[in-house]
Every structure is written in structure tokens, then in C-alpha cells.
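1. Okay, sequence plus prediction incoming.
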Amino acid sequence: MKKYVVLTLALLILACASLSNAAEFRAFWIDAWGAGGLNQSQVDTLLGAVGTTQKGQLREANCNAVIFQVRRSCDVNYPSGIGEPYMSGLSPSNFNSLQAVIDAAHDTTGGKKRIEVHAWMVMFRTAAGVVYNQHISTPTGSLTNLDNYWQTINNSGAEAGDSDKQFDPGHPLAAQYCVDAAMDVVSRFDIDAIHYDYVRFTASNQGYNPTSVARYNQYYGLSGQPVYTNEQWKQWRRDQVTAVVRKIYAKIQSVKPWVQQTASTVTWNPSPTASTRAAFQATRPYYDVYSDWDSWLEEGILDAVMPMTYYDYASLPNDYKKWMNYEKDRKHNRHMYIGPGIYLNSLDNSLLELKMTRDASPAGNYAQGYAGYSYRVPYVSGTWAGFETRLKNEVNPTGEDLPVMSWKVNPTKGHISGTVTYYATGKLADGAFGTQVSISGPASRTMKCDGTGFYAFIDLPPGSYTVTATHPGYPNSVKTVNVAIGAVTGNMYITDFQLGANQPPVISGVGVSNVTNASATVNWITDEASTSRVQYGLTTGYGMLTAVDNNEVTSHSQVLSGLSPNTLYHYRVISTNANGQSTSEDYTFVTSGPPAISAVTPTAITSTSATITWTTNAPADSKVNYGLSTGYGSQNGDSSHVTSHSITITGLTANTTYNYQCVSTNSYGTATSTNYTFKTNAVPTISNVTSSSITSSSATITWTTNQAADSKVNYGLTTGYTSQKTDSAQTTSHTIALTGLAANTTYHYQCVSQNANGTATSTDYTFKTNEAPVETILDNKDAAFVGTWSTATGGYDNDHRYIRRGASGATSSATWTPNLSAGRYDVYVYYPSRANATANAPFTIYHKNGSTAVSVNQTTNTGTWLKIGSNVAFNSGTGGYVRLGIVTGESSSRKEVVADAVKFVYVGELGPDDLIVNNGDPGTSYTGTWNA
């Protein structure tokens, strides 16, 4: 029994070993921003010298493919057939790096293994270089004559930064340029694959090239600028990127079907939660940058994808695993090469991530290989020299063949593609105008043409297909294609269409006129002389047909008679000439008849007006009878015959109930509604008028209204008023502040409030302003000083005193003692700026109710009056005063206390409580409380 167990384990080990030794894609990205292939010496180091047994670094590491960057930002490292400039960094400056890499990779001298070459192109990016500047003319967004502004812009109208500028695939000319750039390399160089990077937008709010927006609006019948989060607009942008990928794939298949189309695609977080389409749609490639590479694999327009699964395994191992599992599970009968971002990892984790590409997903699925990013930085701060030995020993101990792409070497399916144009002009039939192509046969599919009129159906079972091109206003163009394997290059059946070429007449301008209760005239035009006939009936099944008018004309007219009144009819027109018959789409009309009134509604009711609306089933005039009773007495009308009626009645009385009825008349009779009522709105009413906060120069007027309305106060010295102040805000609580008033003066005022219902005006009111405040100012020359104070210029009356701050217990002081009348006063201090001024000058106000200490920061509010007390109560005489001490509590002995001037401003008589209501201006603080 033990013998069988050992044998079983041995077989299992061999089976696992065979998995790691299966055909496998092994490659690294070689970017063109650093060493790798910028001159012949670097190419020799990378891939070996041609005609020698030198293997080069990639062969020595048992790799079998290279992803070599040949295009960065519309600048290249080969002689471009479309005029793109050479990139910087090449030596010599016109070094054909691509050809050198192809020669070295394909060299088998001495038994060297052939290396597969993937020519890596950045697809849409232009940066701010030569090609960018060739296509930045003033944008027009015209779909008649396409402009030469190809850049994508964001929803604010801005291009990306200089290094990130890129063409917008939604502009047909930009899209075709990208196709041409790829096919230039495919057709002129012996590459094994064309490989794309940045085949996407770079931000979710990009894609607003004016031409793309105009095409989107044309297709969906919209106007204006779509919101970038709109799902329909998102799908439009995905479709533009996909269309470029599809067209290049089909073009490659028709000229060099052995050349692969591959791509490096983004992953990013959030990572997928399952291996499903829905899970992919919840990731950023799909919803953020509109790169739907999952659907490209499913459609078959990529032969392999290399998702850039760039994660530092030390910090994000689960995200790396989630994406790898998804990639291994959803290959869609194409190849999946995992693309770990080894440059983010330590050397150990870089090798670990490469080895993990060979593990099975939880569902038991495998990838076909890996592509490491990058050759130049194979691990954090690392070089190839520090990487290659462990790569070979731990990851690639032996060489391996490339996995076979069965659909390339032994195809069982074919393809149909082509371009749709207008016969009359030769212009491309943009799908934005409704051009689409359908196939039916062993498979049935429908596709909207892209902006270049192109379509392609990939991977079709062999058999006979009916291919139909349709476009609004043109007869269908139909061809039969027999898809067979091996009969044409790449099994790609190119099937072009010309709309309107030797076709039946094109119908347009379909409409009806002279509609009565029993007849109607159907009119249309055709681009070629043809016969006339109309199908019509109560449904789209029609059932009735006019006699053919065999007179071939371009302007057609047929009368339908014997119709029923007030009835919806469907109809379509038919015209025939020597090239065939054309039938229009379905149209409808409604016969006339006596009107019937419905949906009577009063709207827009104010205090003096209202609008009455209703509908009729047949066109008729409009009249409203109205009044205070059902006897009405007044009317308003409109003689226009319509089915949607609206009559506005004016000159009404506020807060009043009105009766009304609607009347509509046409040639077939009169309809009169039942009686309806509405009530006009009441005008606002004013109450609670009050004047408050009265000073010598201002007052505040307040009032309320029972409805929201605006605010206005008319005021002046008489009831004739002369001034007003307003606030347009609609409110029920109104406040208007009046300023600039004369002191000790009686003012008249009235309040006015207005809204849609009318205007309310109050009676006359009055208030009297206070007397002008009386000021008493004491300068430092009027103060009594204790201690030795220094005198200096500047300040109030151009002098002031100062003294160094004192320690605890110091008795030096300055005292200002006014001779006041009894009352309430605001107290101010004045001091000039001094370099060493204290931030804690200790003032004390002695008043009727006791004393209050006030700390003043004399480093601020200099050269102005600073309030240190409001509404301070003083008895008559000299019993009240302000004293400034010198104990500031500061550590620096250089701090100075400044004594200059004090002001007392009379604000009112003493009240019953003589309370202090405010403590002063900013810059003051109180260390005690007011004594009651």
C-alpha cells in the first residue's frame, strides 16, 4: 500500500512540474525613456549582436519575448511613414531602434532562440510636441466639415498638462490618425505584435472634444454639454476607444493576420471582488478612464492583454491576488499575460510576484505567461545586473516556447469588415447619424459604424451571411458574404457599402396637409423621379392602400378620403423606380372633428390675474367666459386653432372667487366646458410696525406681513417723505436700517411690502433721533501722574507719557479725572505706537457702581480711539475717573506702559439699574466684573 502512495505522490509532483514547464510567455517592458534600445550598443546588450552567438540579457534569462517601446508621445524610434519625428535620446539621432531590435530578436545564429517582438506604442498621447501643434486649429465642432482640433479636453474646456495632452478618439480624424500610426508599423516592419499603452482617457472628465460632443448629441438627439458622470456619455467615450482598437485589429487581419494585437491595460483599486463582468464594471478601467479591455477580449479584438497589475506586495498583497485571479478566470479564449509592477517591490517580492503568475486561480484557471515592468527598474532602486541571476535561477531555470495562439495558426472562424460611405459625396457615413450594419446567418449581430464609417464583426462561424447597411433616409444596402476558412487573407471579408449608389429613390419630407374630419393629403419628396402610393390604417398593420400613381415625379401628393373624425391614423409612403422600391418609416396624423374639451386648469393665479388652460382633441379656437357668478359677464379669447389652449384674464379683484367656463369652436362644432372656479390671491397686510435702536444718526424699522413680500421704508421730515430704503428679499419679518439721519430730529416714515399678489402700505409713523453725543477728552497733560514718566512726541495732541513696566507692588500710575454730568458714557483710550509697548496695560474705570479693570494690548489699535467700556454709569461731578497702572505681569523689563488720552462720550441718561451692557472693543479684556 505504501508503494502505491509513494507512486501517486511522485506522479502528482511530476504533474505540477509539468505545469510550470508548459509553454509560457516571458517578457519585460523596455521603455524608451532610459537605457535599453536607444543605440546599437544597448540593443546588443539586451538581445545580443546579430550574426554572433552572443545571446543578450533577455535570452540569458530564458525570456522569449520583448515589449519594446517604439512610440512615446507621437515621437518614434524608427523612420515614420506618417511624418512623426524621431524621439530624443537616440544615438545617432535617427537611429532605427525598432529595426535593430527586430534584427537582434529574430537572429538565430548558433542556435539562439528567436525572441518575439511586441512594438509598444503609446496610443493617444501627443504631449505638447510637433504632432500636437499640427492639430490645434480653432475648434468648430462641425460635422459637415471636420475641423483640425483633435485634442481631448475636460468638462471645463481645458486640455491636459503638456506631458499628458492626447488626441480624442471621438474625433474621427484623430481616430483614423491613430489607426494609420499603428498600421504604419505593422505594414513596414517584421514585428510579431503591435502593443498599445494608454489606450484610454486619463481622467473621468475628459472626452469633451467639440466634435465628439457634437457627434454624441447628433446620435442621441440632444444638445448642450453632457455631464461627465452621465452613464450614456460614459459609454459613448468607451465606444470611441473601442472603435480604434477594433479597426486596427480588423486592418491587421486583412494584411498580416499572423501579427498579434496586444495591450498593456490599467487595473488600479478598487480591485475586482469576483471574476465577473459586473465586477469589472465596478473597477476604474471601466468607469473612470473608459478602457473596456474585458469586452475587447470577449469580442476578440485583442489577441492578448497584459494588465498592468502594479502592486507592492508588501503593502497590497490582496489586491495583487484579486486582480490576478480575475485575469486568469476571464481570458475569453484569448491569451492573458500577467503584468506585475515589479519596480514597486523588493527584490524578493519582485521574484515572488513573477512566480505567482503561474499559480492557479481559486477556480483552477491559469495565465499563459507574464510581462514584468520593467527591465530598467526590476525592483526598488534595482538594476538588471542585480536581478538577472536570481531571475534565471528562481523563475526561469530553463527556456520555454511561446504559447500557441490557435485562432492565429489554425483558425476556425472568419470575419467581416468594411466601410460605409455616401455614394453622392464619397464622405464617410458616421454612425452618429444612424449608420449601422447588421449581419444574419450562422450568427446575427448589429453594429453602429464608428466615426470613420467603419464596422467589423470578428470571429464568425463559417457560412452564408446577409450583410445589411442602413441609414435614415436611404434605402437599405444589402450584400451576401460567404465566410469560408482559407479563402481570403486572414479570413477577413472586406465588404464596403455606398449609400445611394444605383439605389431605389430616397424618401424625405414626409408630412400631411389639408387635414379635415374625413380626409387628409399626404406629401413627400424623393431624390429621383418615382411612383406614388400610401399605406394607411388604424395601426402599423395599416390595411388600406391608395391606388398607385405611375407618374414618376420627385414631389409626391396623395389624398386619403373616407376617414373617421377625431381618429389617429398610421401611414407610410411607397415610391418605386427602375432601381427598386423604397418605403418610408411610420408616421401618424389625427383627423379633425368637433372639439372635445379636457384637462381644464387654472394656473399662474395672482391677486389680479389668472391663466386658464385646457386641451381639445381637434384644433379649435379658445375663449373663456368669466365673472363673479355663472352668469359670467366677461370673456377673453384667441382665434388661433390649436389643441393646447391658454388664455390669461387680467384686471381681477384680489381675494375674490371667480366662475369661468372654456369654449372652443372649429368648423365642425363648438364645445363648452362645465363651470369651474378659482380664487384670486389676497394682497399682503402690514402689522407690528416698530422703530428701535434709535441713535443720533440711525434707527431700525421693523414690521411683519402675513405673506412673504419685499421690504421698503419711505421716510423724511414730512409725510411727503423724500428718501427710501429697500430690500428685495421676500420675507414675512421685515427689518430696514436707516442711517445718515440728523440728530435730535423727528422723522416721518411708512412701510411698504410688495409681492406677486399686490402692494401693502402702512399708515404714517414717526420717531425722533437722539441728541448728538457729548465728548469729554482729557490728554496726558490733564492727567495726574505718580512716579517718573518720560515724555515723548506723537499721539493725541502730539505728545504722550511712557514708563517701563513695574514689578508686583509698583505704585506708579496715571489718572484722568473728568467733570461729568450724570449719565451713561462710552469710555475710550488713545495711545501711539511704541516699539516696546506692553500687551497688557492695566486700566481701571471707576464709575457709579464701583470699578472695573480692563487689560489693553497696546501693540495693536494704535493711533485711534479704542473703546474700553460701553454705557458706563457716572454720577455728576469728579467722582469717576480712569487710572492706568504699570504692573503688567510680563517677564520682559523693557516693556513700556503708554499714557496718552482718555475720552468720555455721553450716550444717555441714567437708567433704573445703571447696568453696563458691553465691555469694549477687540483688543481689550476684563479681569473682573462690574459692581452692581
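-> Good, I have the coordinates.
2. Show the residue spans covered by the helices in the stretch 201-350 of the chain.
-> Shown for the stretch 201-350 of the chain, the helices assigned by DSSP state H, counting those that start in this stretch span residues 210-220, 231-255, 277-281, 284-287, 293-299, 317-329, 347-356.
3. How is this protein divided into domains?
-> Per automatic domain parsing, the structural domains of the chain span 22-406, 411-499, 507-590, 597-679, 686-768, 775-926.
4. Return the set of buried residues in the helix or strand containing V478.
-> Here V478 sits within strand 474-483, counting by DSSP states H and E. Buried residues in strand 474-483, defined by neighbour count with 16 or more other C-beta atoms under 10 Å: Y474, P475, S477, K479, V481, V483. Just so you know, the C-beta spots here come from the backbone N, C-alpha and C atoms, and that holds for glycine as well.
5. Using CSV, lay out the residues you listed together with distance to F497.
-> As requested, the buried residues of strand 474-483 are arranged in CSV below (distance: C-beta to C-beta, whole Å):
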residue, distance to F497
Y474, 10
P475, 12
S477, 5
K479, 7
V481, 12
V483, 17
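6. Pull the number of nearby residues for the closest residue in space to A501 that isn't next to it in sequence.
-> With C-beta to C-beta, 6 or more residues apart in numbering as the criterion, A501 has its nearest non-adjacent residue at 3.6 Å, and that residue is Y423. Burial of Y423 is recorded as 15 neighbouring residues (other C-beta atoms under 10 Å).
7. and Y423, what are its phi and psi?
-> Backbone torsions of Y423, given as degrees, to the nearest 10, read phi -60, psi -40.
8. Could you list the paired strands of whatever helix or strand comes next after the strand holding V478 along with their orientation?
-> On the C-terminal side of strand 474-483, the closest following helix or strand by DSSP H and E is strand 492-494. In the sheet, strand 492-494 lines up against strand 414-422 (parallel) (DSSP bridges).
9. Specify the angle between the partner strand and helix 231-255 in degrees.
-> Strand 414-422 and helix 231-255 are oriented at 110 degrees to each other (axes from the mean of the first three to the mean of the last three C-alpha atoms, to 10 degrees).
10. if we can go back for a sec, from F497, how far out is the residue nearest to A501?
-> Per C-beta to C-beta, to the nearest Å, Y423 is found 9 Å from F497.
11. Helix or strand for N706, just tell me which one.
-> Secondary structure assigned from DSSP H and E places N706 in strand 699-716.
12. Alpha carbons of the next helix or strand after that strand, in PDB - could you do that?
-> Once the chain leaves strand 699-716, the next helix or strand it forms, by DSSP H and E, is strand 723-738. Backbone C-alpha positions of strand 723-738 (Å, rounded to 0.1, in the frame of the first residue of the first chain) are rendered in PDB as follows:
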ATOM      1  CA  SER A 723     -36.000 109.100   0.900                       C
ATOM      2  CA  GLN A 724     -36.500 105.400   0.800                       C
ATOM      3  CA  LYS A 725     -34.500 102.200   1.600                       C
ATOM      4  CA  THR A 726     -35.400  98.800   0.200                       C
ATOM      5  CA  ASP A 727     -34.700  95.100   0.400                       C
ATOM      6  CA  SER A 728     -35.900  92.800  -2.400                       C
ATOM      7  CA  ALA A 729     -35.800  89.600  -0.300                       C
ATOM      8  CA  GLN A 730     -39.300  88.000   0.200                       C
ATOM      9  CA  THR A 731     -40.000  87.600   3.900                       C
ATOM     10  CA  THR A 732     -42.700  87.900   6.500                       C
ATOM     11  CA  SER A 733     -40.400  89.500   9.100                       C
ATOM     12  CA  HIS A 734     -39.000  92.800   7.800                       C
ATOM     13  CA  THR A 735     -36.100  94.900   9.000                       C
ATOM     14  CA  ILE A 736     -34.800  98.100   7.400                       C
ATOM     15  CA  ALA A 737     -31.900 100.100   9.000                       C
ATOM     16  CA  LEU A 738     -32.000 103.900   8.300                       C
END
